[in-house]
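>>> model this:
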Amino acid sequence: MTVEAQAEDTQVALPEKEPTKLMEETVKVVEGESAFEAKSKPETVEKSSSYREESNFLSDLKEHEMKALIELKSKIEECILKNNFFMNEEQEKASKGGGQKEEKVVKEQEKEEKTEAEGDKGGDKTVEEEAEETEKPVADGKSEVDTEIALWGVPLLPSKGAEGTDVILLKFLRARDLKVDDAFAMLKKTLKWRKGWKMDSILDEDLGTDLASVAYMDGIDREGHPVCYNNFGAFDDEELYQKTFGSEENREKFLRWRFQLMEKGIQKLNFKPAGVSSLLQINDLKNCRGPLKKELRVATKQAIALLQDNYPELVAKNILINVPFWYYAFNALLSPFLTQRTKSKFVVTRPSKVTETLLKYIPAEEIPVQYGGFKRENDFDFSMQDGFVSELIVKSGSTRTIEIPTPDVGPTTIWDLTVLGWEIKYKEEFVPSDEGSYTVIIQKGKKISSNEAPIRNSFRNNEPGNVVLTIANGSSKKKRILYRYKTKKNCSS
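I've put the predicted structure just below:
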């Protein structure tokens, strides 16, 4: 016999032992299995095979890479010590044109000074003092040498020996195909741009929360990269669109807000050779009208250009999800403005493959629930410390069950489950250990469509038994199931 019961909605944040052991037709979750045993099993979640970034360890650099780095460091050292980093174009031309004449001028000045020194018996200044004054205006004749020039908190003067300097400079070199002059010019332009836009103080600015749903940082990927989500569909809201792009002033504020978010992401990075020094970008184009919105199109192109020119190699991958058909035409227009290296980092995914693609880069517990993962906002049931995610395959035309043991009376069992592609039949039951007891229906059997969100449910048992989750795959394709569970003791038990 069966008795229907409603699942409890319980909030909890207590740790639980990691499951799991997979069997051919019935998956029995065995309590007491060690974390080492669980994690030592073959990894079943497919990962990206081309996600490794270049090493930042000097010992791993090829000869031509090391040569380029040494040359760039030499140019930067000289530029900083001569105080030339922030010269304008006229000053740079004057500095270059006057470089060849400088030695002659200095020699002539030295001759004049010596002559004056010989004929001046009571002069107030020595030849050495006047020579020092002659050497001072080599840079701009006014400011002192600034040896504290830094980028994202990392000193750029190589002789300071900061651990992150090489990492930063390698990013500029790689962004310019190891061409030293191009990388050097890019670095100078970036510093000038940051100075003009006052980027070093942008984190202190209050730019409001209107765009909080448009882009945000959330979690990390399998390699430890902080993940930034960009929801372009949010601009389908006409009021938000006009408030963001309705005037030149608003568009400027939008760009500044986007750069502020980028700087917040950079704060999470580690510019040491062994550190994670780049972000993962997820761009959701669902409900985005893209080319139909001129202001959005122009602002996006401008933002991409500035991010590419001033934040080199700070994005490991750019994953575009829920990509509509119009994107391919828009990409053809945008592509000429992107470097080949930047274009190689793009991954384009259709709506039906969103979760499958994200799982290659991000663990299920870090993927937001709206994208098929288990991460929920303000989640009191699961934390990163509990709920190890397991996977099983349901072949075409077959049925599999997951048995979660509940040997104690009183605790609440909570579980998450998702199926890639769905289109399956699913039910939840509690089967008591006592054969004379009734089976309790937690969730009636039902067909779940492809747009179903991940399932979370809970059950408090009043006698020993098993929570049994049944998945029937009637489709012609195999299905991947991801699940996790935990139990918590109730305060009254």
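
>>> can you pull the contacts of N318?
Contacts for N318 (Cβ atoms under 8 Å, 6 or more residues apart in numbering) come out as 281, 283, 345-347. The C-beta positions use only the backbone N, C-alpha and C, and glycine is treated the same way.

>>> Which two among those residues are spaced furthest apart?
Maximum pairwise distance in those, criterion Cβ to Cβ, is 11.8 Å, between N283 and K345.

>>> So the two - more neighbours on which side?
Comparing N283 with K345 by neighbour count (other Cβ atoms under 10 Å), the higher total belongs to N283, at 22 against 18.

>>> Would you confirm that the more buried one contacts L320?
Yes: using Cβ atoms under 8 Å, N283 is in contact with L320, at 4.7 Å.

>>> Quick one: name whatever helix or strand follows the helix-or-strand element of the chain with minimal mean pLDDT.
Using mean pLDDT, DSSP states H and E, helix 35-39 stands out as the lowest-scoring helix or strand of the chain, at a mean of 36. Of the helices and strands lying after helix 35-39 in sequence (DSSP states H and E), the nearest is helix 63-81.

>>> on contacts alone, who are the packing partners of that next one?
Counting contacts by 3 or more Cβ pairs under 8 Å, 6 or more residues apart in numbering; DSSP states H and E, helix 63-81 packs against helix 165-175, helix 180-197.

>>> So which of those helices is the most surrounded?
helix 165-175 (a mean of 22; mean count of other Cβ atoms under 10 Å).

>>> What helices and strands are in contact with that helix?
helix 63-81, strand 154-155, helix 180-197.

>>> Residue ranges in the stretch 251-400 of the chain under the pLDDT threshold?
Residues of the stretch 251-400 of the chain that meet the criterion pLDDT under 70 lie in 291, 387.

>>> Which residue ranges of it form helices?
294-310, 326-334, 340-343, 354-361 (DSSP state H, counting those that start in this stretch).

>>> which stretch among these comes nearest K195?
Among these, helix 294-310 sits nearest to K195 (Cβ to Cβ), with 11.5 Å.

>>> List the buried residues for that closest one?
Buried residues in helix 294-310, defined by neighbour count with 16 or more other Cβ atoms under 10 Å: 295-297, 299-300, 303, 306-308, 310.

>>> Could you identify the most distant pair in those?
E295 and N310 (22.1 Å).

>>> Pull the contacting residues for I481.
I481 sits next to 391-394, 400, 402, 417-420, 471 when contact means Cβ under 8 Å, 6+ apart.

>>> what do you get for G265?
By Cβ under 8 Å, 6+ apart, G265 lies in contact with 217, 226, 228, 279.

>>> For the third one, give me its contacts.
Right, C228. 215-218, 261-262, 265, 279-282.

>>> Try it again at 7 Å.
C228 makes contacts with 215, 217, 265, 279, 281-282, as judged by Cβ atoms under 7 Å, 6 or more residues apart in numbering.

>>> Export the residues you listed as TSV, with columns for distance to A316.
Shown next, in TSV, are those (distance: Cβ to Cβ, whole Å):
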residue	distance to A316
A215	17
M217	14
G265	12
L279	7
Q281	8
I282	12
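
>>> how about the residue lying closest to I448 once chain neighbours are set aside, secondary structure?
Nearest residue to I448, sequence neighbours excluded (Cβ to Cβ, 6 or more residues apart in numbering): W422, at 4.9 Å. Following DSSP: H, G, I helix; E, B strand; the rest coil, W422 is assigned to coil.

>>> Mind picking the one among the contacts of G265 that's closest to D182?
Nearest to D182 among the contacts of G265, with distances taken as Cβ to Cβ, is L279, at 23.5 Å.

>>> Bridging across strands, which residues link to the closest one?
Counting by DSSP bridges, L279 forms beta bridges with V315.

>>> Burial check on it, number of neighbours?
The number of residues packed near L279 is 23, by other Cβ under 10 Å.

>>> got it, and G275?
For G275, the number of neighbouring residues by other Cβ under 10 Å comes to 13.

>>> Spatially nearest residue to it, not counting backbone neighbours?
The shortest distance from G275 to any non-neighbouring residue, by Cβ to Cβ, 6+ apart, is to L269 (7.1 Å).

>>> thought that neighbour was touching M262?
No: using Cβ atoms under 7 Å, L269 is not in contact with M262, being 10.9 Å away.

>>> Name the residue in those two with the higher neighbour count.
Neighbour count, other Cβ under 10 Å: between L269 and M262, M262 has more, with 23 against 20.

>>> what's the offset of stretch 73-87 from the middle of its chain?
Relative to the chain's own centre, stretch 73-87 is displaced by 32 Å; criterion: Cα atoms, centre = their mean, to the nearest Å.

>>> Output it as CSV - backbone C-alpha positions only.
Presented in CSV, the C-alpha positions along stretch 73-87 are these (Å, rounded to 0.1, in the frame of the first residue of the first chain):
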residue,chain,number,x,y,z
LYS,A,73,61.3,44.9,-18.6
SER,A,74,64.4,46.9,-19.8
LYS,A,75,62.2,49.4,-21.7
ILE,A,76,59.9,49.8,-18.7
GLU,A,77,62.7,50.3,-16.3
GLU,A,78,64.3,53.0,-18.5
CYS,A,79,60.9,54.7,-19.1
ILE,A,80,60.0,54.9,-15.5
LEU,A,81,63.4,56.1,-14.3
LYS,A,82,63.3,58.8,-17.0
ASN,A,83,59.7,59.7,-16.0
ASN,A,84,58.4,59.2,-19.6
PHE,A,85,55.4,57.0,-19.0
PHE,A,86,52.8,59.8,-19.1
MET,A,87,54.3,62.1,-21.7
